[in-house]
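> heads up, no residue letters with this:
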């Protein structure tokens with residue numbers, strides 16, 4: 001059960017330069033012109049003994065999505081132990097997930113990353129690397145777009161790459 005809860009943990013980064021604990025990189029290529037055939041390659045390392053759902057979407061960057069919210073403001077935590085009544089735990093505000101895009105143009109893919117073959121605890125195991133390839137036809141409107149791949153179970157576990165679609 002713990003592995004299933006951990007499967008979606010991660011942090012979102014821009015431009016595809018950095019990955020998360022699951023996603024290594026996102027490469028976008030092909031014919032980046034209106035109506036062109038665009039390809040993506042999502043590299044990952046699977047550290048978990050559970051299957052993980054992955055989805056990739058194309059987002060138009062013409063508008064501004066709402067900023068992520070955070071959890072409630074941190075408050076003082078209770079004492080850690082009766083022996084140390086003045087010691088307190090540090091409570092951390094956790095950022096909310098990146099909002100669901102209001103400008104989604106299309107769904108690129110939905111795939112399952114298979115569970116790693118052994119059930120060795122994460123701290124002692126070697127993640128299994130792999131890639132997911134996808135393709136789509138570029139929109140007919142030139143402009144700024146973003147390819148975003150994420151785990152639906154945890155929207156914070158995402159990687160994205162900004163692209164520009166040029167006119168033919």
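That came through fine. It should be emphasised that the depicted structure is a prediction, and the values quoted were computed from it without experimental measurement. Numbering: from 1, shown residues only.
> quick one, longest strand in this structure?
Taking DSSP state E as the criterion, the chain has its longest strand at strand 154-165.
> how about that one: buried residues?
Neighbour-count burial for strand 154-165 flags 154-161, 163, 165 (criterion: 16 or more other CB atoms under 10 Å). (C-beta placed from N, C-alpha, C; glycine too.)
> what do you get for stretch 35-45?
Counting neighbours by 16+ other CB under 10 Å, the buried set in stretch 35-45 is 38, 40, 42, 44-45.
> Do me a favour and average the pLDDT over it.
For stretch 35-45, mean pLDDT rounds to 97.
> Now do the SS call for residue 120.
The local conformation at residue 120, judged by DSSP: H, G, I helix; E, B strand; the rest coil, is coil.
> roughly how far apart are it and residue 149?
26 Å (CB to CB, to the nearest Å).
> where are the low-confidence patches of the protein?
By pLDDT under 70, the low-scoring segments of the chain are 1-18, 62-102.
> got the residue ranges for the helices in it?
2-6 (DSSP state H).
> Where do the strands of it begin and end?
Secondary structure of the chain by DSSP E: the strands cover 23-30, 37-46, 52-60, 79-81, 84-88, 104-113, 128-137, 143-151, 154-165.
> Reformat the buried residues of strand 154-165 as JSON lines; add distance to residue 53.
Below are those laid out as JSON lines (distance: CB to CB, whole Å):
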{"residue": "154", "distance to residue 53": "10"}
{"residue": "155", "distance to residue 53": "12"}
{"residue": "156", "distance to residue 53": "15"}
{"residue": "157", "distance to residue 53": "11"}
{"residue": "158", "distance to residue 53": "13"}
{"residue": "159", "distance to residue 53": "15"}
{"residue": "160", "distance to residue 53": "17"}
{"residue": "161", "distance to residue 53": "20"}
{"residue": "163", "distance to residue 53": "24"}
{"residue": "165", "distance to residue 53": "27"}
